[in-house]
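K.L.:
output the structure for:
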Amino acid sequence: MKTENKNIHSGHRQRLTDLVTNAGIDNVSSIQSVEFFLTYIFPRGDVNPLAHRLLDKFENFANIVDASVAELCSVKGISKQSAQKIKMFAEMIYLYSSSKLSSKTNLKNSGEFLDILEDMLRFQTSENLFIFAFNHNLALIGKRRFDLNLVREVGISPYQLYDFVSSTKASYLIVSHNHPGGKALPSADDHDAVLYIEQLLKNLDCKLIDSFIVGKDGIYSEKQSSYARIFATTDQITNIANQ
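P.N.:
Numbers count the residues shown, from 1 in each chain. Here you go, the predicted model:
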């Protein structure tokens with residue numbers, strides 16, 4: 001019996017990999033996509049039943065990745081270590097998007113920079129604040145990431161900002177943060193934060209170009225007081241497809 005079971009699952013992972021590779025991750029079922037993801041978390045064994053249990057509890061892949069370690073551990077077959085690995089997937093996506101930022105990134109191509117902001121922040125479930133440094137040619141030369149909750153509690157100290165500007169030798173800065181699940185429209189605190197940073201920069205040979213907010217509806221430019229990019233909703237995409 002054990003031999004029969006072994007034969008049933010023999011080569012299954014390779015067949016699944018071939019299917020995803022040939023068809024594309026968007027063109028396989030939810031079960032197959034989650035099962036394929038789990039093969040990276042669990043080097044061996046049949047993860048199909050676990051994929052079913054995760055989808056039964058969390059409904060979709062995004063909810064699985066966004067779930068807390070405690071929530072993931074409540075599912076049979078998920079240990080603390082495997083839950084932590086699942087949680088780190090979102091960080092790997094951030095690393096991938098962040099790695100696109102290079103010295104070749106230039107504000108003269110503003111669309112490219114907005115693309116990167118969208119990749120980095122649109123689907124983040126926690127609030128993050130970034131400060132980007134640019135040289136006099138508007139080429140990206142550095143970035144720094146902050147926990148926005150901590151920033152709200154203690155603020156960005158003048159030392160932190162001065163250290164970032166001096167270490168990068170920045171001529172210009174851009175600030176960006178996200179509103180997870182909310183609209184990109186700025187709050188009064190957001191406005192105050194921009195004024196605070198501009199005040200600090202008066203003592204340095206550096207200028208704040210803009211502050212961008214990434215929300216579920218688009219990317220808002222505080223300097224322009226308007227949306228720099230509006231994201232299409234599922235309904236809008238459906239309407240366009242039906243026209």
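
K.L.:
every contact and neighbour count from this point should use C-alpha atoms.
P.N.:
OK.

K.L.:
ramachandran angles for the closest residue to Ile230 other than its chain neighbours?
P.N.:
Distance criterion CA to CA, 6 or more residues apart in numbering; nearest residue to Ile230, sequence neighbours excluded, is Gly218 at 4.1 Å. Main-chain dihedrals, Gly218, degrees, to the nearest 10: phi 160, psi -160.

K.L.:
now do Gly218 against Asp119, distance only.
P.N.:
Distance, Gly218 to Asp119, by CA to CA, to the nearest Å: 12 Å.

K.L.:
out of the two, which sits in the more crowded spot?
P.N.:
With neighbours defined as other CA atoms under 10 Å, Gly218 and Asp119 compare such that Gly218 has more, 21 against 17.

K.L.:
do you know how far the residue nearest to Ile230 is from Ala232?
P.N.:
Distance, Gly218 to Ala232, using CA to CA: 8 Å.

K.L.:
what sits against Ser126?
P.N.:
Taking CA atoms under 8 Å, 6 or more residues apart in numbering, we find Ser126 in contact with Pro180.

K.L.:
which of the three states applies to it?
P.N.:
Following DSSP: H, G, I helix; E, B strand; the rest coil, Ser126 is assigned to coil.

K.L.:
now it. Its backbone dihedrals?
P.N.:
Dihedral pair for Ser126: phi -120, psi 160, per degrees, to the nearest 10.

K.L.:
can you report how many residues lie near Phe164?
P.N.:
Residues lying near Phe164 (other CA under 10 Å) number 18.

K.L.:
pLDDT value on the residue lying closest to Ser79 once chain neighbours are set aside, please?
P.N.:
Distances taken as CA to CA, 6+ apart place Cys73 nearest to Ser79, at 5.7 Å, with adjacent residues excluded. You'll see Cys73 listed with a pLDDT of 95.

K.L.:
how is the protein partitioned into domains?
P.N.:
Domain ranges of the chain: 2-91, 100-235, per automatic domain parsing.

K.L.:
and these, which is most packed in?
P.N.:
Each of the domains of the chain was assessed for mean neighbour count using mean count of other CA atoms under 10 Å. The highest is domain 100-235, with a mean of 16.

K.L.:
just the C-alphas of whichever strand or helix holds Ile116, formatted as PDB.
P.N.:
According to DSSP states H and E, Ile116 maps onto helix 110-121. Taking Å, rounded to 0.1, in the frame of the first residue of the first chain, the C-alpha atoms of helix 110-121 are listed here in PDB:
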ATOM      1  CA  SER A 110       8.400  59.900 -13.800                       C
ATOM      2  CA  GLY A 111       6.200  57.000 -15.000                       C
ATOM      3  CA  GLU A 112       8.900  54.500 -14.200                       C
ATOM      4  CA  PHE A 113       9.200  55.900 -10.700                       C
ATOM      5  CA  LEU A 114       5.500  55.700 -10.100                       C
ATOM      6  CA  ASP A 115       5.500  52.100 -11.400                       C
ATOM      7  CA  ILE A 116       8.100  51.200  -8.700                       C
ATOM      8  CA  LEU A 117       6.100  53.000  -6.000                       C
ATOM      9  CA  GLU A 118       3.000  51.000  -7.100                       C
ATOM     10  CA  ASP A 119       4.900  47.700  -7.000                       C
ATOM     11  CA  MET A 120       6.400  48.500  -3.600                       C
ATOM     12  CA  LEU A 121       3.500  49.900  -1.700                       C
END
